[in-house]
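**Student:** The sequence and its predicted three-dimensional model are supplied below.
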Amino acid sequence: MEPFKDIADGFVDAQKGVDKSVGKSLKAGTGTAITVGSAVASASLAGAGSLAGYAGMASAVSTMGLGGATTVIAGAMGSSVTGAAATAVVTAAVGGPVVMGAILVGGAGATAYGAYKAGNWVWKQMKLW
């Protein structure tokens, strides 16, 4: 996830009259899907068994730098756990590893799209002056 780069790209592309927002969101979503898939596969190969989805999700969340966010969400749910345990709590609450993976993939794509469009919008506002 590179929101600042996406904002800058949106700004620059708006100057050129180009819109690459769909490509940006697909790239971010695909990258996240690969991160989640490889993390779950690694956990499975490491012997996590039936908990491979949860272990892989904890690894993917950590890789993406979202551990703090899952800790905050788990805390809002009334839990005092942190780290991988917080990710497991949130993953279980949303419906399991498959649903959590979909949320991460969709969230990454939406974030890239929104950041790109924000940079695009800023250029258009500056152009009005």
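**Tutor:** Here it is on my side, so go on. Since the structure is predicted, the reported quantities are computational estimates derived from the model, not experimental observations.
**Student:** Now do the helices in this structure.
**Tutor:** Applying DSSP state H to the chain gives helices spanning 3-16, 21-45, 52-63, 67-76, 83-94, 97-128.
**Student:** and residue 66, how many neighbours does it have?
**Tutor:** One way to gauge burial is a neighbour count; for residue 66, by other CB atoms under 10 Å, it gives 18. Where C-beta positions appear, they are placed from N, C-alpha and C, glycine not excepted.
**Student:** Could you find the closest non-adjacent residue to it?
**Tutor:** residue 104 (7.8 Å; CB to CB, 6 or more residues apart in numbering).
**Student:** For this protein, give me the ranges with low pLDDT.
**Tutor:** Counting by pLDDT under 70, the chain contains low-confidence residues at 1.
**Student:** what's the distance between residue 87 and residue 104?
**Tutor:** Here the distance between residue 87 and residue 104 works out to 11 Å (CB to CB, to the nearest Å).
**Student:** These two: which has the busier surroundings?
**Tutor:** When neighbours are counted by other CB under 10 Å, residue 87 comes out ahead of the other of residue 87 and residue 104, with 27 against 21.
**Student:** Quick check, that one in contact with residue 70.
**Tutor:** Yes: the pair residue 87 and residue 70 qualifies as a contact (CB atoms under 8 Å) at a distance of 4.6 Å.
**Student:** hey, what's in contact with both of the two?
**Tutor:** residue 61 (CB atoms under 8 Å, 6 or more residues apart in numbering).
**Student:** show me what contacts the residue nearest the centre of the chain?
**Tutor:** The residue at the geometric middle of the chain, judged as the C-alpha nearest the mean C-alpha position with CA atoms, centre = their mean, is residue 108 (3.6 Å). Applying CB under 8 Å, 6+ apart to residue 108 gives the contacts 1, 28, 29, 31, 32, 64.
**Student:** quick one: which of those residues is nearest residue 48?
**Tutor:** Within the set of these, residue 64 lies nearest residue 48; the separation is 18.9 Å, counting by CB to CB.
**Student:** That concludes my questions; thank you for your assistance.
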